[in-house]
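Visitor: model this:
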Amino acid sequence: QVHLVESGGGLVQPGASLRLSCAASEPISATYTMAWFRQAPGKEREFVAGIRRSSGTTYYADHVKDRFTISRDNGKNTLYLQMNSLKPEDTAVYYCAVRNGPAVRTTSYDYWGQGTQVTVSS
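Guide: Okay, here's the model as predicted:
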């Protein structure tokens with residue numbers, strides 16, 4: 001059982017930056033894929049960004065790919081999401097997740113964090 005704990009959310013103004021972190025309770029296997037999702041009020045959870053643990057290959061949703069950067073520190077068992085040029089429509093609860101296997105844009109992840117709130121408002 002892998003426990004994931006997100007941190008770094010908060011209230012920021014449009015155009016600001018935030019970096020989210022997701023700490024895993026144990027080392028993530030090389031076969032795993034790690035990702036960030038988000039869920040806004042009244043909307044379904046959606047894929048934001050993903051990364052293959054072993055290769056570091058990254059994947060992004062079209063609406064964030066020029067503003068967000070996903071990365072991982074395997075030595076620290078930590079996943080990051082650097083978010084720049086934040087917009088009000090980025091307001092959501094952000095979740096990290098990991099799954100065993102190469103698929104990235106699926107919602108069938110094995111482990112989920114509890115989420116961290118990001119609010120973008122002037």
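Visitor: stretch 105-121 - what's its average pLDDT?
Guide: The pLDDT scores in stretch 105-121 average 94.
Visitor: and that stretch, how far out from the chain's middle?
Guide: Counting by Cα atoms, centre = their mean, to the nearest Å, stretch 105-121 is centred 6 Å from the centre of its parent chain.
Visitor: for that stretch, measure first residue to last.
Guide: 28 Å (Cα to Cα, to the nearest Å).
Visitor: repeat for stretch 57-77
Guide: One end of stretch 57-77 to the other measures 17 Å (Cα to Cα).
Visitor: buried stuff in that stretch?
Guide: Across stretch 57-77, burial judged by 16 or more other Cβ atoms under 10 Å covers T58, Y59, Y60, A61, V64, F68, T69, I70, R72, N77. For glycine as for every other residue, the C-beta is placed from the backbone atoms N, C-alpha and C.
Visitor: contact partners of that stretch?
Guide: Applying Cβ atoms under 8 Å, 6 or more residues apart in numbering, the set of residues contacting stretch 57-77 from outside is 23-28, 34-36, 46-51, 53, 56, 78-86, 90, 104-105.
Visitor: just the residues you listed: which are in strands?
Guide: Among the contacts of stretch 57-77, the residues falling in strands (DSSP state E) are 23-24, 34-36, 46-51, 78-83.
Visitor: in ChimeraX, select just the buried ones from those residues.
Guide: To isolate the buried ones among those in ChimeraX, judged by 16+ other Cβ under 10 Å, type:
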select :23,24,34,35,36,47,48,49,50,51,78,79,80,81,83
